[in-house]
Each structure stands twice: as structure tokens, then as C-alpha cells.
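Novice: Here is a sequence with its predicted model. Questions after.
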Amino acid sequence: DAMVIQNPRYQVTQFGKPVTLSCSQTLNHNVMYWYQQKSSQAPKLLFHYYDKDFNNEADTPDNFQSRRPNTSFCFLDIRSPGLGDAAMYLCATSKAGYNQPQHFGDGTRLSIL
Amino acid sequence: DQQVKQNSPSLSVQEGRISILNCDYTNSMFDYFLWYKKYPAEGPTFLISISSIKDKNEDGRFTVFLNKSAKHLSLHIVPSQPGDSAVYFCAASDAGGTSYGKLTFGQGTILTVHP
């Protein structure tokens, strides 16, 4: 029944060791988003895909990359995680159009040792 | 520069009473507003939205009010139930000539409904 699925739910990695977070959707939505949420803060958009078109937010660090091999899947790659990258990472999807609600997965909690 | 603000970090309400959650925004280009509910260890769940051409939208126990001149919106939950206890996020988006909706979120308000 889950429509936006994120794996894993919890990820622990070492400082500087690359990590990949995964998101899949069964909604067939055009747009997929990645957000970072730190404790007690608002979710912050990192980037989004409109179909295969990648759109980076201006203040997203270069350390963060994304791939969308097909409509259903989207990956977040963190090339060299620092301690400041420990956060909840949320994937969301929506239909095209600015007035479409976004549907979120349950997130991946990333910890950096 | 926080464009969407939820000034109350928490709200406590008795079961059966009304819960009112508030949200202020500064960007006059925002024209679509949403409320999300988030339980611990889950992602945000879409609750209700309102377009800037309206001042009220109702869905069951949930009503969102928009006051464009004051740049203020509120979510009313009547009657409140213990299962409504969660973090509530206000979010806003503008068309901005794009074909997607970039959401700007507030920091959230923790609602606790006591039996």
C-alpha cells in the first residue's frame, strides 16, 4: 500500500565514506524531490527531478548528487559525508504543476560516525 | 531568512475542543498553501491545501483559513482527537513560472491532544 518507499530507514556511515539513499514510487508522478531535515527545523529542498530534468537548489552543497534512472526510482548520493550531513532525508513525489500536493516517504535517518 | 513561520513550537488542547494552528508568511508571491501532519518515525502526510483565490477550505474536521492581506493562514481542527497529536507543518509554494511546486516549510508546531 506504501506509495513512496525509502530505503534504508536508518543508515550509518563513516565520515567521508560515500553513501547512497534510495527512493521508489508507485504513483507514476513526474516530479521527485529530495529534502534534508535537521532536528527541529523545517525540511529543506535539496533538488528535484521533473521527469529526467534535474534541478539543483542554489545552496545545495556539491557533495550531494542525485540520479533518476527511471520514473519510479531516485537516488541521493552523498560523496563525502561530513558530520553536518547527519539528518533525516525525505523523498517526495508530485504530479506536475505548482498546486499539486507532494507525497512523502517515511525518510532515511542518516548518522555519521 | 525564514519565509514561512510557525511561531508556536507547541500547542496543548483537550479532546473535543478546537485546535488552532497558525502560520505566517512573508513572500507575497506564494499562492498555494498546504498543511502536513507528521507522526514520529513517519514522513509528512498531506492534510489540506488552499489556493490564494480562496479564503477558506474545509475537509471534514479540518478547515484552513487564509488571510492574504495579513499573510496569515490557520488550520482549525474540530473536534480535536488524541490521534491528532503530531507535528503540523505549514508549507507554501508559488508558480514562479515553473512546472513544479517548490515548497517552503515552516518549522512545525507540536500538537498534543489530551484525553
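Specialist: Looks like it arrived, so ask away. Since we're looking at a predicted model, the values are computed, not measured. Numbering: from 1, shown residues only, chains lettered A, B, ... in the order given.

Novice: Distance-wise, check A:Ile78 relative to A:Arg109.
Specialist: 14 Å (Cβ to Cβ, to the nearest Å). All C-beta atoms are positioned from the backbone trio N, CA, C, and that covers glycine.

Novice: same check, this time on A:Pro81
Specialist: The value you get for A:Pro81 to A:Arg109, if Cβ to Cβ is used, is 13 Å.

Novice: cool, and A:His29?
Specialist: The value you get for A:His29 to A:Arg109, if Cβ to Cβ is used, is 24 Å.

Novice: more crowded one of the two?
Specialist: Between A:His29 and A:Arg109, counting by other Cβ atoms under 10 Å in any protein chain shown, A:His29 is the more crowded of the two (20 against 16).

Novice: For the helix or strand of chain B with the lowest mean pLDDT, give me every contacting residue.
Specialist: For chain B, counting by mean pLDDT, DSSP states H and E, strand B:104-105 ranks last in confidence among helices and strands (a mean of 92). Residues outside strand B:104-105 that contact it (Cβ atoms under 8 Å, 6 or more residues apart in numbering or on different chains) are A:42-44, B:3-4, B:27, B:30, B:36, B:89-93.

Novice: Give me the buried stretch members for stretch A:44-62, please.
Specialist: Neighbour-count burial for stretch A:44-62 flags A:44-50, A:60 (criterion: 16 or more other Cβ atoms under 10 Å in any protein chain shown).

Novice: Among those, which one lies nearest to B:Gly106?
Specialist: Distances from B:Gly106 to the buried residues of stretch A:44-62, taken as Cβ to Cβ, are shortest for A:Lys44 (12.0 Å).

Novice: Could I get the contacting residues of that closest one?
Specialist: Shown in contact with A:Lys44 (Cβ under 8 Å, 6+ apart): A:35-37, B:105.

Novice: So which of those residues sit within helices?
Specialist: Cross-referencing the contacts of A:Lys44 against helices under DSSP state H gives no overlap.

Novice: Need those in JSON lines (columns: neighbour count and distance to A:Ser22).
Specialist: Shown next, in JSON lines, are the contacts of A:Lys44 (neighbours: other Cβ atoms under 10 Å in any protein chain shown; distance: Cβ to Cβ, whole Å):
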{"residue": "A:Tyr35", "neighbour count": "25", "distance to A:Ser22": "15"}
{"residue": "A:Gln36", "neighbour count": "19", "distance to A:Ser22": "16"}
{"residue": "A:Gln37", "neighbour count": "21", "distance to A:Ser22": "17"}
{"residue": "B:Phe105", "neighbour count": "24", "distance to A:Ser22": "23"}
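
Novice: Those: which two are farthest apart?
Specialist: A:Gln36 and B:Phe105 (11.5 Å).

Novice: list residues touching both of those two?
Specialist: Contacts common to A:Gln36 and B:Phe105, judged by Cβ under 8 Å, 6+ apart, are A:43-44.

Novice: Residues of chain B that sit close to chain A?
Specialist: B:2, B:4, B:31-32, B:34, B:36, B:41-46, B:49, B:51, B:89, B:93-96, B:98-108 (Cβ under 8 Å from any Cβ of the partner chain).

Novice: Mark which of the residues you listed are buried, thanks.
Specialist: The buried subset of these (16+ other Cβ under 10 Å) comprises B:4, B:31-32, B:34, B:36, B:43-44, B:46, B:49, B:89, B:93-95, B:100-108.
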